[in-house]
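*Asks:* kindly return the folded structure for what I paste below:
(one chain, ligands or ions: 1)
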Amino acid sequence: LIWVPLQIQHHFRSQGITGPGYRPFLGNSAEIRRRMIGEAESRPISAFTHDVVSRSIPHYYNWSTAYGKTFLYWFGPRPRLAVSDPDMIKEVLLNTGGSFEKIPFNPLSGLLWGRGLVGLAGEKWAVHRRIAALAFNMERVKGWVPEMVASTMKMLQKWEEERGGRDEFELEVNKELHDLSADIISRTAFGSSFEEGKRIFELIDRQTSLVLQALRSVYIPGFRNQDGVEERLGVEEVIDECKTFYFAGRDTTANLLTWALLLLALHQEWQTKAREEVFSICRECEVPTAENINEFKIVSMILNETLRLYPTAVALMRQTSKRVKLGTLDVPANTQLYLAMMAVHHDTELWGADANEFNPMRFTEARKHFAAFFPFGLGAKICVGQNLAVVEAKIVLAMIIRRYYLSVSPSYVHAPTQYVTLQPQHGAHIILRRV
Ligand code: HEM
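*Replies:* Prediction:
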């Protein structure tokens, strides 16, 4: 617990990589949690700026300022290399030689995730991945558009009741969008609705074995592999995947939509542009359809810019399975890698001097670097629910801005915080006025 970490530290120092220094047993974990995150979370950002890296990932911000973009810190006795160089990130995520693996879960998280796609490795992962990719392919996702529209309609009707004839009203949209996102996953992937599934989700949240009985309506297809043999998941495996989709898909999509609404409420000019686009596309049909999903160019740019500034996944983790070369570095086996997505997305060297500004126009230009933007990950383990998330986000955003003008409420406190995903610590208070 002391000798090996010091040796590893020395190994990195001899290659020019320094960091906060190993502390026996806990490493730097306590410092991160108590001092840096605790301090950052106790203070909101005074104005609604998008220069939020220092608040959202304070340990990365403080240490990269002190030690450089690549530095070494300690998660308990495990070395963790923080990386924000896009070439190195590309090397890690696109590697197919098995040099970089996902970090195995601790037993508690393993209970929740362990046997689903997020926690699996090797051949088991490959089988689950093929089946999940089929379940979420674009054709299938497009077929779910009427379900997404129905869920959103239901939410908007509730909002109208809330408005109760007033010109304008205030809403905390983060909670609303979590319920909506849960409803959409249940209707599409599980074939039930959030109301019906509420009890199921409570049970999942508490990790009880009753999940089995509750998820009867699961539909996850089989898959015929190259040799024509059908690959099917067992009931238990399907249940684990449903839990995975529910957890991996609900908060991420809900928070993407929350940040997008907040950004449009702040940047009125883009709200107007987006609304004009929605009106011009959905002229005859009141609501978006599967056919016009691809026509939402401005809405897409806005969603990308939202994911750049407020990436819901924040950072990706891997670990080296053997001694590897990463860039010019010689990295020992079992080194964890913290791929600082949020820092890359805000990097002025990659995005220009206005990297902290909201400017969806930047997505009309070719990107400087392949790995400058990776909100859904890259390579073989790229988000399997990306199609669902993007189609859902376009539909929900289009339907909301078609119906309401948005502005930021004076009660909104800008405090992006990482709680698994990136979320507004004190909620997202928006004032809505009927269009
Ligand atoms: C805005 C919404 C979303 C974002 C930003 C997002 C982000 C990500 C990222 C960054 C990864 C890669 C993790 C890694 O490489 O370590 C990932 C993987 C994954 N995502 Fe998403 N996700 C979103 C929505 C969804 C949805 C809607 C679902 C399912 C219904 C989903 C299911 C998954 C699964 C199962 C994986 C693991 C894939 C694998 O290991 O093969 N995600 N997601």
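
*Asks:* ok, which stretches of the protein are strands?
*Replies:* Counting by DSSP state E, one finds strands in the chain at the ranges 71-75, 78-83, 100-101, 168-172, 223-224, 230-231, 316-320, 324-326, 329-331, 336-339, 404-408, 416-419, 421-424, 429-434.

*Asks:* and the third one, anywhere near the ligand?
*Replies:* No: interface with the ligand: strand 100-101 contributes nothing (C-beta under 6 Å from any ligand atom), its closest point being 10.2 Å away. Bear in mind the C-beta positions are built from the backbone N, C-alpha and C, glycine included.

*Asks:* including mean neighbour count, could the strands of the chain go into a markdown table?
*Replies:* Formatted as a markdown table, these follow (neighbours: other C-beta atoms under 10 Å):
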| stretch | mean neighbour count |
| --- | --- |
| strand 71-75 | 22 |
| strand 78-83 | 23 |
| strand 100-101 | 19 |
| strand 168-172 | 16 |
| strand 223-224 | 16 |
| strand 230-231 | 12 |
| strand 316-320 | 19 |
| strand 324-326 | 17 |
| strand 329-331 | 18 |
| strand 336-339 | 22 |
| strand 404-408 | 20 |
| strand 416-419 | 18 |
| strand 421-424 | 22 |
| strand 429-434 | 18 |
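
*Asks:* in the stretch 151-300 of the chain, which residue sits nearest the ligand?
*Replies:* Closest approach of the stretch 151-300 of the chain to the ligand (C-beta to the nearest ligand atom) occurs at Gly249, with a separation of 2.9 Å.

*Asks:* wait, that residue sits on Ala389?
*Replies:* Yes: judged on C-beta atoms under 8 Å, Gly249 makes contact with Ala389 at a distance of 6.9 Å.

*Asks:* among the strands of the chain, which gets the worst mean confidence?
*Replies:* Among these, strand 223-224 carries the lowest mean pLDDT, a mean of 52.

*Asks:* any residues of the stretch 201-350 of the chain in contact with the ligand? List them.
*Replies:* Proximity of the stretch 201-350 of the chain to the ligand, by C-beta under 6 Å from any ligand atom, involves residues 244-245, 248-249, 252-253, 256, 312-313, 316.

*Asks:* which one of these sits in the busiest neighbourhood?
*Replies:* For these, the largest number of neighbours (other C-beta atoms under 10 Å) sits with Leu256, at 28 neighbours.

*Asks:* for it, give its distance to Asn28.
*Replies:* According to C-beta to C-beta, to the nearest Å, Leu256 stands 30 Å off from Asn28.

*Asks:* cool, Arg35 as well?
*Replies:* 10 Å.

*Asks:* Lys102 now?
*Replies:* Relative to Asn28, Lys102 is positioned 22 Å away (C-beta to C-beta).

*Asks:* what about the residue in the stretch 251-400 of the chain positioned nearest to the ligand, neighbour count?
*Replies:* Per C-beta to the nearest ligand atom, the residue of the stretch 251-400 of the chain with the smallest distance to the ligand is Gly385, at 2.1 Å. As a burial measure, Gly385 scores 22 neighbours (other C-beta under 10 Å).

*Asks:* ok, the closest residue to it other than its chain neighbours - contacts?
*Replies:* Nearest residue to Gly385 in three dimensions, chain neighbours excluded: Gly249, at 4.9 Å (C-beta to C-beta, 6 or more residues apart in numbering). Contacts for Gly249 were tallied using C-beta atoms under 8 Å, 6 or more residues apart in numbering; they are 181, 185, 189, 385, 388-389.

*Asks:* can you put those residues in TSV and add pLDDT?
*Replies:* Shown next, in TSV, are these (pLDDT from 0 to 100):
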residue	pLDDT
Ser181	94
Ile185	87
Ala189	71
Gly385	93
Leu388	94
Ala389	96
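
*Asks:* ok, now how distant is the residue nearest to Leu316 when sequence neighbours are not counted from Trp270?
*Replies:* Excluding the flanking residues, the one nearest Leu316 by C-beta to C-beta, 6+ apart is Leu339, at 4.4 Å. Applying C-beta to C-beta, the value for Leu339 to Trp270 is 29 Å.

*Asks:* can you give me the neighbour number for the residue lying closest to Leu177 once chain neighbours are set aside?
*Replies:* Leaving aside its chain neighbours, Leu177 sits nearest to Ala254 (4.3 Å; criterion: C-beta to C-beta, 6+ apart). For Ala254, the count of nearby residues is 27 (other C-beta under 10 Å).

*Asks:* same check on Ser46?
*Replies:* Using other C-beta under 10 Å: Ser46 sits among 8 other residues.

*Asks:* now it: how far from the ligand?
*Replies:* Ser46 sits 28 Å away from the ligand, going by C-beta to the nearest ligand atom, to the nearest Å.

*Asks:* how much space is there between that residue and Leu180?
*Replies:* In this view, Ser46 and Leu180 are 31 Å apart by C-beta to C-beta.

*Asks:* can you check Glu241 too?
*Replies:* Between Glu241 and Leu180 the distance is 22 Å, computed by C-beta to C-beta.

*Asks:* worst-scoring helix or strand of this protein, pLDDT-wise?
*Replies:* Ranked by mean pLDDT, DSSP states H and E, the weakest helix or strand in the chain is helix 211-214, scoring a mean of 34.

*Asks:* stretch 42-50 spans what distance, first to last residue?
*Replies:* Using C-alpha to C-alpha, to the nearest Å, one end of stretch 42-50 lies 18 Å from the other.

*Asks:* quick one: mean pLDDT for that stretch?
*Replies:* 86.

*Asks:* quick one: buried residues of that stretch?
*Replies:* 44-45, 48, 50 (16 or more other C-beta atoms under 10 Å).

*Asks:* now the two most distant members of those.
*Replies:* Pro44 and His50 (14.2 Å; C-beta to C-beta).

*Asks:* which pLDDT does the model give the nearest residue to Pro332 once chain neighbours are set aside?
*Replies:* Leaving aside its chain neighbours, Pro332 sits nearest to Arg323 (5.5 Å; criterion: C-beta to C-beta, 6+ apart). Per-residue pLDDT puts Arg323 at 97.

*Asks:* all good on my end, thank you.
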